[in-house]
Structures are given as structure tokens and as C-alpha cells.
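>>> just coords:
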């Protein structure tokens, strides 16, 4: 079995990502479900990098032509989900900013009335 | 203290604000009007201050929904029994404030001044836009009204206190309808005839803004 540059690159990225996720998970910076899901994703990357024929079997099961196509489809779905989560987080931050601005505005209103 | 308070969100309306306030204060006392300056960079705040109305100021622009909620919170703190929201772009008539407040006194929890019940002078594209807003409101929240995007509304104190208003921007219009529907409130629509000027039409939401509002509404559906 020959080892390609892509396999080495994907392995380094996946291992680094796994280490980071486990560290953040154990430090409780990430929730348990998110830690598990993220770890499973990167373990899958590792497994499919070293056993690409497994990906072809998955492709057969889900009815997609080639293994690599399956990986691309799942990646797109994952990215869409992540973008959605970023939007939700942004909306939460917008809400917090609004609450802060409102409290300040009403506080200033009352302060000016007292003057 | 007044029974009815008028909340007027304002963002860079310096060109028309003086005349709008002059018009409104011929129908209600200046001390019953609350202008929420939503981070304007023009002379809006100076104009409002000089007109003798209550002025509350966002340091930064937070959007229509955020400004309305700030004004409503202040109106409730000042003892309002009825809160009327009124656009600062000059498209509403001051005499409609009393008509909406009367509808609340007669038992309504929320009243919408509907521009679609009498559309004689409404531009066709504005009609299309309003109807799209109604369809989206109905599709997302299951509540049908003839003018979900109208800025002229009135609320009973007890009703607005119960509503969870969290939308920061234009999506607030649909959120009011959603909340009235969720809380099974009595929502009444009465026809109003808006004043469509070049200025008031230019202040309306653009197509791109409408799409952004739609996306925000979809995201917020997943935040409840």
C-alpha cells in the first residue's frame, strides 16, 4: 500500500482537530453532544482516509455513485448546518446587544429627566 | 401621565420629523409622544428634543423592532393604558391615533391600521409587497391579517405586556401578529388611508431587505 500526500495531510489535520476537540470537550468549553458529534466526524475522516473502499460501500448503501461523491455531499450538508449554527449564534448576540442598548437608552432617559 | 402614548421609532428622519411631530401633536399632547432615536446620524434627536416630546436614544442603530420595544417599555413605565405605534416617515394621519385607541377601549387587545382595506391610493408594487408580507406571516405563524406590515398599531397595556417581542428589525411587524395569534388575543383591523409621498415610499423595505427579513424570521423560528 502506497501512502499519498493527501492521506498524510488529512491525517495531520484530523489528528490535530481531534486533539483540540477532546481538550475543549474535557475543559467543558464544548457541550458533550457537540464534542461527540465533532469527534465522530473527524474519526470518520481518519477512517475513510486510510480505508477509502469503505467509503465506496457507504456510497452503495446510500445510493450515490462514488465514495468521494458521498463525502462531498455529506461535507456540504455539514457546512450548511455549521453556517446555520453561526447565524443562530449571531442572532443571539444581536439580541444581547439590543438589550444592552435598550437598558442604556432608558437609563440615560431617566438620568436626563433628573437633571 | 396619559392614557394613550404614541411610540415613534426614528432613524435618520430629520427631513420630515419636524412636520410629522407638528402634525401628531395637534391630535395628542406632546408629552404623550415618545420618539425613539435609533442611532440616527442626522438632526432627528435635536428636532425631537426641541418639540417637547419624550426622547429616548439608542447609541447605535438596532433596527425597527428594537426601537419599538424600547419605546413600548418606556410607555409602559410612564403608565400607558394604550400604546400606539406610529411611523416617523409621515405616512400616517394623526387622527387615526384616536380611532385605534377607541378600538382598544372597545375591547380589542391589538389593533392594526390596515392600509389594504382601502387601497385606492396604494402603488401596485407596495400592494404586492404588503401581500407577500401577509403570506409569509401566515405561512410562518399561521395568522392571517390584511396588513401585517403596517406601522400603525395600538395595543392594550395588558396585551403588550404579555407579548414576547424579540425581533430587532423589520420582522417585528410579523412578530406582533404572531404573538397576538399565539396568545389568542382579540386582533382588530381598521382601515386607514396612508399618505404615500416620494419620501415615505423611499423609506420602505427594499427587495433585498425583504429577503434578509425572511431569512431572519426562518432562523428565529429555530430559536424559540
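Arrived safely, thanks for sending. Every value quoted in this text rests on a predicted model; they were computed, and no experiment measured them.

>>> what secondary structure does the residue most central in space within chain B sit in?
Among the residues of chain B, the one closest to the centroid is residue B:151, at 3.2 Å (CA atoms, centre = their mean). The assignment at residue B:151 comes out as coil when based on DSSP: H, G, I helix; E, B strand; the rest coil.

>>> ok but residue B:41 is inside a helix, no?
No: the assignment for residue B:41 (three-state DSSP) gives coil, which keeps it out of a helix.

>>> so how many other residues sit close to it?
If you count neighbours by other CB atoms under 10 Å in any protein chain shown, residue B:41 ends up with 10. Heads up, the C-betas are built off the backbone N, CA and C, glycines and all.

>>> what residues are up against it?
Applying CB atoms under 8 Å, 6 or more residues apart in numbering or on different chains, we find residue B:41 in contact with residue B:12.

>>> Could you measure from it over to chain A?
16 Å (CB to the nearest CB, to the nearest Å).

>>> Just give the nearest non-adjacent residue to the residue nearest to the centre of chain B, would you?
The spatial neighbour of residue B:151 that comes closest, neighbours along the chain excluded (CB to CB, 6 or more residues apart in numbering or on different chains), is residue B:87 at 3.8 Å.

>>> who touches the residue nearest to the centre of chain B in this structure?
Contact analysis of residue B:151 by CB under 8 Å, 6+ apart lists B:85, B:86, B:87, B:91, B:92, B:173.

>>> Need the contact partners of the helix or strand of chain A with the lowest mean pLDDT.
Taking mean pLDDT, DSSP states H and E as the measure, helix A:52-62 is the helix or strand of chain A with the lowest mean score, a mean of 84. Under the contact criterion CB under 8 Å, 6+ apart, helix A:52-62 has outside partners A:47, A:48, A:65, A:66, A:67, A:68, A:69, A:70, A:71.

>>> is chain B contacted by the helix or strand following that helix?
Past helix A:52-62, further along toward the C-terminus, the next helix or strand under DSSP states H and E is helix A:67-114. Yes: counting by CB under 8 Å from any CB of the partner chain, chain B has neighbours in helix A:67-114: A:84, A:87-88, A:91-92, A:94-95, A:97-98, A:101-102, A:104-106, A:108-109.

>>> Tell me the confidence at the residue nearest to the spatial centre of chain A?
Among the residues of chain A, residue A:82 comes closest to the average C-alpha position under CA atoms, centre = their mean, at 5.3 Å. The predicted local confidence for residue A:82 comes out at a pLDDT of 89.

>>> Give me the secondary structure label for the residue nearest to residue A:24 when sequence neighbours are not counted.
Excluding its sequence neighbours, the residue lying closest to residue A:24 (CB to CB, 6+ apart) is residue A:30, at 4.7 Å. Using three-state DSSP as the criterion, the local structure at residue A:30 reads coil.

>>> For residue A:30, give me its contacts.
With contact set as CB under 8 Å, 6+ apart, residue A:30 has these partners: A:21, A:24, A:38.
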